[in-house]
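Asker: I would like to see how this sequence folds:
(chains A and B)
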Amino acid sequence: DTGVSQNPRHKITKRGQNVTFRCDPISEHNRLYWYRQTLGQGPEFLTYFQNEAQLEKSRLLSDRFSAERPKGSFSTLEIQRTEQGDSAMYLCASSLYRGGGTNEKLFFGSGTQLSVL
Amino acid sequence: AQSVAQPEDQVNVAEGNPLTVKCTYSVSGNPYLFWYVQYPNRGLQFLLKYITGDNLVKGSYGFEAEFNKSQTSFHLKKPSALVSDSALYFCAVRLEGDNYGQNFVFGPGTRLSVLP
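Answerer: Got it, this is the predicted structure:
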């Protein structure tokens, strides 16, 4: 179990630039979640995948955000035309979902800290 | 919609004293309840969960939590706090079944400071 890996750990960008983050989940996990966390707040759901299918996006998610999980393994989160309000920690989590939810437990990566100048 | 409240932004406790971090929830249906801990510049780490059964759940690092259905609470406790327990603690709720993206809803977090 190598855990959930996120890259890069930190990203500084100028307003208007595009950024892409990568998440490598625990290998046997079929679900992958993206969350955003700002200072003093809990993780806020962005989107999630079951295998390669993106099952839901938060209503709060701007259309500048897009996520993919092309082969049901790693995932990327892209933010286009970044704004200062996008500055946050972007967390990825994975889980093994077997139906019902009883045993689903999220394993988090260390996150990517985005700073938009 | 389900929600989680953590009424205290900050909890201070002296090392060796018992600690409690409070959590209340609002859901329609049977909740699954979780506690996660976050150390600086790290992701969230699982501490414990309540699914069903005994209302007192034991977890990692000597932590435990008590589920109280009538008060819709799931307070985190530890009999004797350590300085190394200082971190940010998040309570989370998951509904039974599959509710898509709102599967897990997190509280705003409570910062625990254990003073030597």
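Asker: so where's chain A shaky on pLDDT?
Answerer: A:1, A:100-102 (pLDDT under 70).
Asker: quick check: residues of it near chain B?
Answerer: A:4, A:6, A:33, A:40-45, A:47-48, A:55-58, A:91, A:93, A:99-102, A:104-111, A:113 (CB under 8 Å from any CB of the partner chain). Any C-beta I mention is one placed from the backbone N, CA and C, and that applies to glycine too.
Asker: quick one: buried ones out of these?
Answerer: Among those, those that count as buried by neighbour count (16 or more other CB atoms under 10 Å in any protein chain shown) are A:4, A:6, A:33, A:42-45, A:47-48, A:56-58, A:91, A:93, A:101, A:104-111, A:113.
Asker: among these, which are in strands?
Answerer: The strands, defined by DSSP state E, take in A:6, A:33, A:44-45, A:47-48, A:56-57, A:91, A:93, A:107-108, A:113 from these.
Asker: is it possible to export those to a markdown table including distance to A:Arg64?
Answerer: A markdown table is the format used below for these (distance: CB to CB, whole Å):
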| residue | distance to A:Arg64 |
| --- | --- |
| A:Gln6 | 20 |
| A:Tyr33 | 19 |
| A:Glu44 | 16 |
| A:Phe45 | 17 |
| A:Thr47 | 13 |
| A:Tyr48 | 18 |
| A:Glu56 | 18 |
| A:Lys57 | 12 |
| A:Leu91 | 19 |
| A:Ala93 | 22 |
| A:Phe107 | 28 |
| A:Phe108 | 24 |
| A:Gln113 | 19 |
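Asker: where along chain B do the strands fall?
Answerer: B:3-5, B:10-14, B:19-21, B:24-26, B:31-38, B:44-50, B:56-58, B:64-68, B:73-78, B:87-95, B:104-106, B:110-115.
Asker: quick check: A:Ser75 touching A:Trp34?
Answerer: Yes. Contact criterion CB atoms under 8 Å: A:Ser75 and A:Trp34 qualify, at 7.3 Å.
Asker: now for these two: what residues contact both?
Answerer: Common neighbours of A:Ser75 and A:Trp34 (criterion: CB atoms under 8 Å, 6 or more residues apart in numbering or on different chains): A:Cys23, A:Ala67, A:Cys92.
Asker: ok, so of those, who is nearest chain B?
Answerer: A:Cys92 (8.2 Å; CB to the nearest CB).
Asker: tally of neighbours for that closest one?
Answerer: Neighbour count for A:Cys92, taken as other CB atoms under 10 Å in any protein chain shown: 29.
Asker: what does B:Gly109 give?
Answerer: 24.
Asker: do the same with A:Asn7
Answerer: Other residues close to A:Asn7 by other CB under 10 Å number 14.
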